[in-house]
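S.K.: dropping the sequence and predicted coords here.
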Amino acid sequence: MRKVMPAFLVLGLLSFPLMAQESSKWEAFGGYQYLRLNNAFDSATQVNANGWDASLTRNLIWHLGVTADFGGAYTTVQGDTVHFYTYTAGPVASLTFRGKVKPFVHVLAGGAHGKLLATTGGETGSVSLSGLAGLAGGGVDVKVKRRITVRVIQADWLYYHFWGIQEINGGSAFSESNNLRFSAGVVFRF
């Protein structure tokens, strides 16, 4: 009995951090995104785009997890339609304060796809480009109910680089660039 007692004591002490941990293993986010594309067509043009953002997070241990993030943004530039998509994944770290507020940070890497549908001058055509994308940022989730959380804000720095740059209107379409992305929406935890 004396040898068993220390084992139970150690197991009991090790369980305290697990009791404070959130019980959800998965988190699914869906919401709105605002994307600010700098240097999209030439150095003087900045593009504002609206769209959607979705992610799936698997919480692994304590405050660490893995996130897969997908986004799409759409806008019109000089009469031409622009579609911009990202698909990234990477580690996420979070910390829960008093069980309601959960700030998080992540660094994600993956790909991007851009499409320009040109309709100016009575002619139609399109340019599609694919390349690398990276996101670094974070946000704040606020618990509403046991399994429902509101993502108040998510702010990310977005880097992308497309291969096969095409010259459009004297500038490089979708050139290597630094951008900002803001998202907000609902998180379902299960």
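M.R.: On my side now, so go ahead.

S.K.: T124: what's it in contact with?
M.R.: 117-118 (CB atoms under 8 Å, 6 or more residues apart in numbering). Every C-beta, even on glycine, is put in place using the N, C-alpha and C of the backbone.

S.K.: beta partners for G134?
M.R.: Beta-bridge partners of G134, counted by DSSP bridges, are A109, Y159.

S.K.: burial count for the closest residue in space to G185 that isn't next to it in sequence?
M.R.: Leaving out its chain neighbours, the residue that sits closest to G185 by CB to CB, 6 or more residues apart in numbering is G31, at 1.6 Å. Burial of G31 is recorded as 16 neighbouring residues (other CB atoms under 10 Å).

S.K.: can you spell out which helices and strands pack onto the helix or strand encompassing K102?
M.R.: Here K102, judged by DSSP states H and E, is contained in strand 101-118. Counting contacts by 3 or more CB pairs under 8 Å, 6 or more residues apart in numbering; DSSP states H and E, strand 101-118 packs against strand 64-77, strand 80-94, strand 125-143, strand 148-162.

S.K.: center of the chain - which residue?
M.R.: D69 (4.8 Å; CA atoms, centre = their mean).

S.K.: tell me who's in contact with that one.
M.R.: Here D69 is in contact with 53-55, 86-89, 106, 108, 110, 135 (criterion: CB under 8 Å, 6+ apart).

S.K.: pLDDT at the residue nearest to G185, what is it?
M.R.: Looking at G31, its pLDDT stands at 98.

S.K.: for it, name its beta-bridge partners.
M.R.: With DSSP bridges as the rule, G31 is bridged to D53, G185.

S.K.: could you list the low-confidence segments of the chain?
M.R.: 1-23, 39-45, 120-122, 164-177 (pLDDT under 70).

S.K.: what are the contacting residues of stretch 152-159?
M.R.: By CB under 8 Å, 6+ apart, the surrounding residues in contact with stretch 152-159 are 35, 53, 86, 133-142, 176-184.

S.K.: which of those residues count as buried?
M.R.: Taking 16 or more other CB atoms under 10 Å as the criterion, what is buried in the contacts of stretch 152-159 is 35, 53, 86, 133-135, 137-141, 177, 179, 181-184.

S.K.: isn't G110 right up against Y87?
M.R.: Yes - assessed by CB atoms under 8 Å, G110 is found in contact with Y87 at 5.0 Å.

S.K.: find residues that contact each of these two.
M.R.: Joint contacts of G110 and Y87 (CB under 8 Å, 6+ apart) are 69, 133.

S.K.: go through the helix or strand that contains L56 and flag the buried ones.
M.R.: Of the helices and strands defined by DSSP H and E, L56 is found in strand 46-61. Of all the residues in strand 46-61, those buried under the rule 16+ other CB under 10 Å are 47, 49, 51, 53-55, 57, 59.

S.K.: tell me the one among those nearest to A118.
M.R.: Nearest to A118, judged by CB to CB, of those is V47 at 14.8 Å.
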